[in-house]
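[1] sharing a sequence plus its predicted fold:
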Amino acid sequence: MFVIATMLFAIMPVCASAASMVNQPSESFASAGHKINSYKYIYIENQGNQYGLEERYRDFFTEIGFTVLTEEEYELLGSAERQKLLIVNYTCMVVAGAASSQTLTMRNTSDRIVYSRSESAYTMTANSDMRRAAKKIMKAIKKLEYRYEGGE
């Protein structure tokens with residue numbers, strides 16, 4: 001009995017640290033690429049606005065200080081301004097009877113990932129799952145305390 005208890009105690013810290021690292025790769029990955037503070041503009045790729053996500057993200061990015069561009073505005077940007085642009089897209093994986101997930105990715109015009117975050121949620125509907133996962137992603141981005149630092 002004593003041997004089993006000792007073995008369980010030795011395993012538990014490993015499991016706890018592995019669980020706490022679930023979302024760390026996207027955070028450390030973000031710091032490995034360009035920081036979002038180097039960018040002024042956001043263009044959210046039109047993906048059909050499933051679950052109202054494009055509107056949610058447009059409002060969120062505007063609220064934290066980005067200039068969110070329409071497709072027409074995006075196409076009119078000069079090369080110098082494009083260097084200040086992040087292109088946002090998202091993917092949704094809806095799983096019936098289990099946690100659904102969403103990933104938001106921000107890439108610069110060189111197609112380099114600047115920031116990526118995945119979150120999951122499990123509610124009664126796919127719409128609620130995606131709304132909750134989006135809230136978690138926005139909360140994580142808000143913690144980055146975005147402030148454009150690239151000058152005019």
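    Okay, I see it.
[2] mind checking the pLDDT average for the host helix or strand of Met138?
    Secondary-structure element containing Met138, defined by DSSP states H and E: helix 126-142. Along helix 126-142, the predicted confidence averages to a pLDDT of 96.
[3] repeat for stretch 75-82
    96.
[4] which other residues reach it?
    Taking contacts as C-beta atoms under 8 Å, 6 or more residues apart in numbering, the residues outside stretch 75-82 that touch it are 40-41, 69, 85, 109. To be clear about C-beta, it is placed using only N, CA and C from the backbone, and glycine gets the same treatment.
[5] stretch 53-71 too?
    Applying C-beta under 8 Å, 6+ apart, the set of residues contacting stretch 53-71 from outside is 39-44, 46-47, 49, 77, 85-86, 88, 90, 92, 102, 104, 130-131, 134, 138, 141-142, 146-148.
[6] same deal with stretch 122-130?
    50-53, 92, 94, 98-100, 102, 120-121, 132.
[7] at 10 Å instead, please
    Taking contacts as C-beta atoms under 10 Å, 6 or more residues apart in numbering, the residues outside stretch 122-130 that touch it are 50-53, 56, 90, 92-102, 119-121, 131-133.
[8] just these: which are in strands?
    When strands are assigned by DSSP state E, the members of the contacts of stretch 122-130 inside them are 90, 92-93, 100-102, 119-121.
[9] turn those into TSV, columns for distance to Lys35.
    Rendered in TSV, the data for the ones in strands among the contacts of stretch 122-130 read as follows (distance: C-beta to C-beta, whole Å):
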residue	distance to Lys35
Tyr90	21
Cys92	26
Met93	28
Ser100	30
Ser101	25
Gln102	23
Glu119	21
Ser120	26
Ala121	27
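[10] checking the closest residue to Gln83 other than its chain neighbours next. Helix, strand or coil?
    Of all residues not flanking Gln83 in the chain, Thr109 sits nearest, at 6.9 Å (C-beta to C-beta, 6 or more residues apart in numbering). Secondary structure state of Thr109, per DSSP: H, G, I helix; E, B strand; the rest coil, is coil.
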